[in-house]
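Peer 1: Sequence first, predicted coordinates after that:
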Amino acid sequence: MLGLNNADRKLFLIVVCLVAFAPFILNPFPDNVGMAQFNAGYPDLMQKLVIFGIFAIGYNILFGLTGYLSFGHAAFLGVGSYAGVWMMKLLTMNVVPALIVSVVVAGLFSLLIGYVSLRRTGIYFSILTLAFAQMCYSLAYSVLTPLTGGETGLTLSLNDPRVIGVTEVDGNIPVPHFFGLDMQSAVDLDVAGWSFTFSTGYYFAGVIMLVAFYMSVRLFRSPFGLMLRAIKSNQNRMSYTGLNARPYTLAAFVISGMYAGLAGGLMVAMDPLAGAERMLWTASGEVVLMTILGGAGTLIGPVLGAGVIAYLESIISTINDSILHSWFQALPDSLENFLVTILHPFVGHGWHLTLGLVFMGIVIFLPGGIVEGGRRIGNLFSRKKADDTETAPEPGE
Amino acid sequence: MEAIILQVLNGLDKGSAYALIALGLTLIFGTLGVVNFAHGALFMLGAFCAVTLSRILTLSFETIDPTRTDFLGNPMTVHTPYVEAWFGEAVGGTIIDWAVPLAVIIAIPVMALIGVVMERGLIKHFYKRPHADQILVTFGLAIVIQEIVKAFYGANPIPTPAPEAFIGSFDIGQILGFDPYAIMYPYWRLVYFFFSAVIIAAVFAFLQFTTFGMVVRAGMADRETVGLLGIDIDRRFVIMFAIAAVVAGLAGVMYTPILSPNYHMGMDFLVLSFVVVVVGGMGSLGGAVAAGFLLGILQSFASMSQIIEALPGINQVVIYLVAVVVLLTRPRGLMGRKGVMED
Amino acid sequence: MGILEVNGVNKRFGGLQALGDVNLDVQEGTCHAIIGPNGAGKSTLLNCLVGKLAPDTGSVIFQGNPVLGRKPHEINQMGISRVFQTPEIFSDQTVLENVLIPCFARRDGSFRMHAYESVNDEGDILTQAEEMLEEVNMLSKKDMMASSLSRGDKRRLEMAMSLVQQPQLLLLDEPTAGMARADTNNTIALLKEIKEKRNITMVIIEHDMHVVFSLADRITVLAQGTPLVEDIPENIKGHPKVREAYLGEAQV
């Protein structure tokens, strides 16, 4: 089935199930209990999870397979976002042209930047991609303001032509849709204290993520994927085996750029707004982190990494002191205050501190990421299950 | 002509900062073979040394002055810095005024200590790991340092003025025979430039004239051989790292009057300093300094209104464009040597 | 007319004349050894042949086609394969994958984007690779990671990677350097077998005279970048010029 082997098929079905039942899985707590703030089953966050999943899956094709560490992939995501918004301004609110154009434009950009950057390897490559991304960011912020909206970002307006769609609906800007399916609509389901939200936008993005994931599985198992891994392994041997590494790396770079563009396009399909800060190099650092946190070079790793980071970000950054106090209220006051003081820098606005620490911890202690950790734990507990599929149990997903 | 001289001068202070940061980066690249993405954070920490010292110096106690009243008629509280109370108003006031230059003195041991801790605690374990891992772990460290500073000092820039004696501008134009007020240059920028020149000269002299420096230079040229000679490279690595940290830190201390320190200034300067190192040539100290000044001046020229009119946005991207062109035409940078970071 | 002709190749590194007017004529189906003291320019010559270095002047013709000016992967695609002094393999891949890569390179050329087919569906290629592994007695290790192999096995794997491409010319750079005597003998046996079975032309650079005299049909002695003598092994052994060149070298 699907041209996958057994292990891959199993993995793919697990991901399908995770995506399909995410509104339940991510909402384990009833609404009225204190733990409900750990629920992640609301549309915004779920959309973010799958969109960053796509971004990381694509990035993994470059970094995980070829080992080329790009520090500029956020630029392609940003370009994809801008392209998507422009399509919605000029053409129609249907997301299909927006997505196609996002992918194509990001692909062209990555072709250009990749062609230049891939003439160098190692640290030079990383710095070249970083320089290009910063250049895109600076330009988007300044001179290209007519195209990008500069500091305020690019938004839709009532005066947009939308030549094959409608300019306005009842005096409002129309919402993005997929052949009439409203991206921002959702169905609520209340079951005994729990409330589950099924958002059209989430499922739309989820299906696209599944397709993207499936394609990456095929790519990993293909002769092309084998060649990309050979580049990481020994590029010198590669050329003495009659293979030209550059078109292979360029192809991987462009594919991952197109994935980033797709992610950017989906972001605006969910919320039609594009800003330059998406192109900042820290945003590029974030996708690197997602990939290595999950496990670079593994299939499921980037999906897990993206899920964990996006989840932690939205949960931790909403925790404030009063929530902390409510957690520890059972403790004596002095201890309560002490713990709150200790934890305070790591939550809320301090989320980036936690992020940096996680980042360092992973690189230092677990370079293989969650997948590697899961494998180690798996080996520890059950040595009879020797089949090393690339799955790892992960509570965050 | 005036305009050209003015732009060259304007580029000098930024160029000095780039040169100092890039110098440390190159030292670490060349000797330790490590790509340190946290180097910008050291620059930022230096700047916050100055902020901290000026805060400590202005620590004050409250007294109620019954002779003065506020607009409600209540007696006014007066804040008197301890320094002024101890040393008298005149001396104390001068000390506070000179907080930034004084911070240089405390920044040296503080930054050296930070450097040693960073090297022993983290970087040491990454000498044998791939460059990608080095980049990633130092990137993570940079985020952590920056967020800690943000937690303590907040997200807003903290103005830290230069001593009063250096406020104001210097009419260079008149000296060079132009009209008065044609080329005005703030005193502090001049100070910064000379300060940087002294540090750069000191680092070069240290490397040139001491045995230690000789070993380090030999190590930059051929790490393996020096290792084979049985020289204790390890200890020297620590010292090199500390020196690089001090250089970056001092660059930060003295930069505070030019740019009010904020927690992300390290990252902003780091990206550019990397570009500077790449343009200058990895592992080339002279190249790093030359490229630092070159790019600083280039950036200042690109910011001229006539040039921006002709090529909008050029001031934003000129450095990156130069880097791309240099990397593609001279892969080893302007003064790079063969074999450094080429795997 | 030989399969490989090297005409008047010169290469300078700054003031050092690494290769001075090197001429070489390698006949099809023979094993041609290049020997010489350290620094004689053997490795430089080899690097010129595979496109790693560009000579200053001269020409290299392989089967009537010029070699110089082409990139290493293009030269490999012409049918010249190289075995390194220290085995160069894809250490993060399995043994089987190591052999699959050159199989794909042979079938698909230097670049082809098969991103949607599965490696496991490539029956012909898999058979080809497994047969090759069988030939070098490594089929039982096909799922091992290449990095975990012993040095001798790495050498055999590298040989398999070269042979599976069915090259017309095999360049060997000190294939037994650093090997124990037993391993050296195994390698000699392997090379002999390959030569007899496949009729591959070989150019071998070697320090170990035992290896050279066991394999070579013709020998060129290189000293200070210039060929001194070229002859059959029997005539080389006692040649006065050769003794002169090696004077002070402990090996002979």
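Peer 2: Alright, I've got the coordinates. Residues are numbered from 1 along each chain as shown, chains lettered A, B, ... in the order given.

Peer 1: Need the pLDDT of A:G171.
Peer 2: A:G171 carries a pLDDT score of 81 in this model.

Peer 1: State the distance from it to chain B.
Peer 2: As judged by Cβ to the nearest Cβ, to the nearest Å, A:G171 and chain B stand 36 Å apart. No exception for glycine: its C-beta is placed from N, CA and C like everyone else's.

Peer 1: give me every residue that touches that residue.
Peer 2: Contacts for A:G171 (Cβ atoms under 8 Å, 6 or more residues apart in numbering or on different chains) come out as A:L158.

Peer 1: Same check on B:A302?
Peer 2: Contacts for B:A302 (Cβ under 8 Å, 6+ apart) come out as B:I308, B:I314, B:N315, B:V318.

Peer 1: And it, how far from chain A?
Peer 2: Counting by Cβ to the nearest Cβ, the gap from B:A302 to chain A is 12 Å.

Peer 1: And that residue, what's its pLDDT?
Peer 2: 86.

Peer 1: For the residue located most distally from the centre of chain B, which three-state class applies?
Peer 2: Distance from the C-alpha centroid of chain B, by Cα atoms, centre = their mean, peaks at B:G73 (48.8 Å). At B:G73 the chain is in coil, as set by DSSP: H, G, I helix; E, B strand; the rest coil.

Peer 1: backbone phi and psi for it, please?
Peer 2: The phi/psi pair for B:G73 (degrees, to the nearest 10) reads phi 90, psi 0.

Peer 1: For B:P66, see how far away it is.
Peer 2: 12 Å (Cβ to Cβ, to the nearest Å).

Peer 1: quick one on the thing from earlier: I'd like the distance between the residue farthest from the centre of chain B and B:S284.
Peer 2: B:G73 is 69 Å from B:S284, by Cβ to Cβ.

Peer 1: cool, and A:A306?
Peer 2: 40 Å.

Peer 1: any idea which helix or strand carries the residue nearest to C:G152 when sequence neighbours are not counted?
Peer 2: Distances taken as Cβ to Cβ, 6 or more residues apart in numbering or on different chains place C:D183 nearest to C:G152, at 4.8 Å, with adjacent residues excluded. Using DSSP states H and E, C:D183 falls within helix C:181-198.

Peer 1: Can you name every helix or strand that that helix contacts?
Peer 2: Where contact means 3 or more Cβ pairs under 8 Å, 6 or more residues apart in numbering or on different chains; DSSP states H and E, helix C:181-198 is packed against helix C:151-163, strand C:201-205, helix C:209-215.

Peer 1: Please export the C-alpha coordinates of that helix as CSV.
Peer 2: Presented in CSV, the C-alpha positions along helix C:181-198 are these (Å, rounded to 0.1, in the frame of the first residue of the first chain):
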residue,chain,number,x,y,z
ARG,C,181,51.7,-8.8,6.1
ALA,C,182,48.7,-11.1,6.0
ASP,C,183,46.3,-8.3,5.0
THR,C,184,48.8,-7.3,2.3
ASN,C,185,48.9,-10.8,0.9
ASN,C,186,45.1,-11.0,0.9
THR,C,187,45.0,-7.7,-1.0
ILE,C,188,47.5,-8.9,-3.5
ALA,C,189,45.5,-12.1,-4.1
LEU,C,190,42.3,-10.0,-4.5
LEU,C,191,43.9,-7.7,-7.0
LYS,C,192,45.4,-10.6,-9.0
GLU,C,193,42.0,-12.3,-9.1
ILE,C,194,40.3,-9.1,-10.3
LYS,C,195,43.0,-8.6,-13.0
GLU,C,196,42.6,-12.1,-14.3
LYS,C,197,38.9,-12.3,-14.1
ARG,C,198,38.0,-8.9,-15.4
